[in-house]
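Novice: Can you look at this prediction? I've put the sequence above it.
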Amino acid sequence: MICSNCGKNLNDGAKFCPFCGTPVTMQAQAPEVPVTPVNPEPVEIAEPAENPETAYNPEPAETPEAAYNPGPAPEAATYTVPPVTPVNPASPAAPQPKKKKKWLIPVIIAGAASILVIAAAVVLFLFVFNQKVPVDFNDYLTVSFEGYDGYGEADWTIDAERMKQDLGEKVRWKKRGASDMDAIEALSNAAYPSLSEMFDLSNGDEIEVTWDLNPEISEYMNVEATAEPKTISVAGLKEPESFDPFETLEITYSGYNGRGSVEDASFTGTDDVYSSLYLNYDFYDYENLSNGDEITFSFDLEDYTRDYLIREYGKVPSVTEKTVIVEGLPEAETFDPFEGVELVFAGRDGSGYVSSVNVENADPICQDLYYEYSWDSNYHNGDEITVTIDEEDYTSNYFVSEHGKVPSVFEKTFIVSGLPGYITDLSAIPEEQIAAFRDDVVNAYKTEVMPEYEKMGFRMVDMMPIGEIFLTKDPEAESSRYENILYSFYQIEIEITDPEEGESTEETEETEETEETEETEETEEAGSYENVIVYTPICVTDIEFDSEGQCLLNIDDLNIVYGTEEVVHMENNAYYLELKGTSEYDSLESMASPEAGGMNENMIEAGNTMPKG
């Protein structure tokens, strides 16, 4: 047998095509019935009348999708048997009438009934086979919510397993071999839902569900698929947990009271949420701390940080800052870093400088200190110099840990002293030193100067100091030859005598001329001359004082001027003096005045002991 639909070979007796499901057409064969020529008239054989008790009325198919209702039974079929003329060549005699077979009618009725049953079954099969199974995808959609209120997330699934349980026996491909995929698996993938909102959800929010349904699914399967939009309300999201992160804050201090600092500050909580919290504090802001000080720690909780903490850990900090009281800093021993410290000065007064710092008599810790001071080189005795040490360096935890002490002060003012310099006022020369100087000058004249002049007929009768005039450098002048000048004036009485034998001098000639013209008889008779009075300055320049403040006025450094015409020229610190004496007392002060020029230029008077008149 061959299927009339797909052309496949069928087994004999098959009622349906196993390949396409098409019912096999049943062709009834007329039973062989003995025929007699007695009644050539056609015989109408009618099927038995319809009996309500025995009529075929199949029950409706009980399926969840639809009930099968085949309708009223088909009308009874009428079969017409044509007249048959038997041929019996063996007997030439006329045919003899035979008896009518009564059993034929029930057989025909039974065959007709069987055909009707088969036809009804075929109709029922075709009805059921071609009936579409309704499928609503919303029945198999599950939308779930996770996370925390305000930060929830939505997800969806289609329950293919339940779909298989409900429809596995009913859903199939319309054509055998249309796809290698399982029909239920293909059906579960035929619709894709879209959610209007999936993130940052709160309880009570409403989400719209829309579907993207493959319209071809009903063409290839015996289903009537629907997927209508629907609204779902968000529920079941948890509330985030609130916590105080500062309950686990630990602070480590270093240093000592008054110079403390924060060594470390961190959260010690073991929950993973603490790894995302970062304290805001600057170590440099928390220095020089004392017990009882208040310091504040905080961290930023921007929106993105808050969102992250809730999404990742389900927690949110209840506070973002905390003020703590400093405590536990030990007391440190102090020392005076300037006690026993001395400045060593070098140079001269007015151009002095600090050459070193002497800490031999100070605390041994001072040897590790660096003293800072000005490197100026124009200091005068009496000037003030401020010396400092670095507070930050010598109050550090490192310094305290090394020495166990901390400086109590960080600066001290020192007075410049011990610089040698130049005398700036006559009063700076002690009177007894001036008196000794005068005596030295007189002795120098007697022993060193006058012996040479006595050979020429001049003898010093007396040498008497008159007074001193002291000049110092004008501070307003751009330059000056000397720092100071001391003029010490003397009155010298000289006796003119005869020169030694064989010698003559100007003084002798003058005396002789005087004797010739002298009108005074006494002079002529005595043959002698009047004594001569000479005023001479003894000049000393650049008088100094030593580091102890003692004046260094020395006879070895003077320039001696005597006589009225001669100048004794002596060196004084590579400077030269070229002044002459005078016979007029009134002109003594003019010798030392700045107007005198020469060595007195840019000098001003700074002391005078000359008598008046």
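Specialist: Noted; the coordinates are in hand. Numbering: from 1, shown residues only.
Novice: Give me the buried stretch members for stretch 537-551, please.
Specialist: Residues of stretch 537-551 classed as buried: 537, 538, 539, 540, 541, 542, 543, 544, 545, 551 (neighbour count, 16 or more other CB atoms under 10 Å). (C-beta placed from N, C-alpha, C; glycine too.)
Novice: Tell me what the first one is bridged to.
Specialist: Going by DSSP bridges, residue 537 is paired in beta bridges with residue 489.
Novice: Residue 588 is in contact with that one, correct?
Specialist: Yes - with contact defined as CB atoms under 8 Å, residue 537 and residue 588 form a contacting pair (7.2 Å).
Novice: residues shared between the contacts of those two?
Specialist: Jointly contacting residue 537 and residue 588 under the rule CB atoms under 8 Å, 6 or more residues apart in numbering are residue 489.
Novice: hang on, the earlier thing: between the buried residues of stretch 537-551, which sits nearest residue 206?
Specialist: residue 545 (105.0 Å; CB to CB).
Novice: Quick check, the closest one in contact with residue 428.
Specialist: Yes - using CB under 8 Å, residue 545 is in contact with residue 428, at 7.1 Å.
Novice: intersection of neighbour lists for these two?
Specialist: Here residue 545 and residue 428 have residue 551 as joint contacts, going by CB under 8 Å, 6+ apart.
Novice: that older thread, out of the buried residues of stretch 537-551, list just those in strands.
Specialist: 537, 538, 539, 540, 541, 544, 545, 551 (DSSP state E).
Novice: from the residues you listed, which is closest to residue 610?
Specialist: Distances from residue 610 to those, taken as CB to CB, are shortest for residue 537 (10.7 Å).
Novice: what separates that closest one from residue 446, distance-wise?
Specialist: Separation of residue 537 from residue 446 (CB to CB, to the nearest Å) stands at 18 Å.
Novice: Now render the ones in strands among the buried residues of stretch 537-551 as a markdown table, adding distance to residue 226 and pLDDT.
Specialist: Compiled in a markdown table, those are given as follows (distance: CB to CB, whole Å; pLDDT from 0 to 100):
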| residue | distance to residue 226 | pLDDT |
| --- | --- | --- |
| 537 | 139 | 83 |
| 538 | 140 | 83 |
| 539 | 135 | 84 |
| 540 | 133 | 87 |
| 541 | 129 | 87 |
| 544 | 123 | 90 |
| 545 | 122 | 89 |
| 551 | 127 | 89 |
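Novice: now those residues in TSV, with distance to residue 335?
Specialist: Listed next are those as TSV, based on distance: CB to CB, whole Å:
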residue	distance to residue 335
537	59
538	57
539	56
540	50
541	50
544	40
545	37
551	41
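Novice: Just to check, residue 171 is in contact with residue 183?
Specialist: Yes - with contact defined as CB under 8 Å, residue 171 counts as touching residue 183 (5.1 Å).
Novice: Give the intersection of the neighbour lists for those two.
Specialist: By CB under 8 Å, 6+ apart, residue 171 and residue 183 have these common neighbours: residue 221.
Novice: ok, which stretches of this protein are helices?
Specialist: Along the chain, the segments classed as helices by DSSP state H run 104-130, 160-167, 183-188, 217-220, 303-313, 391-394, 397-403, 431-444, 450-454, 506-517, 521-526, 588-592.
Novice: among those, which gets the worst mean confidence?
Specialist: When those are compared by mean pLDDT, helix 521-526 comes last with a mean of 42.
Novice: ok, the closest residue to residue 295 other than its chain neighbours - how many residues close by?
Specialist: With CB to CB, 6 or more residues apart in numbering as the criterion, residue 295 has its nearest non-adjacent residue at 5.5 Å, and that residue is residue 286. Using other CB atoms under 10 Å, residue 286 is surrounded by 20 other residues.
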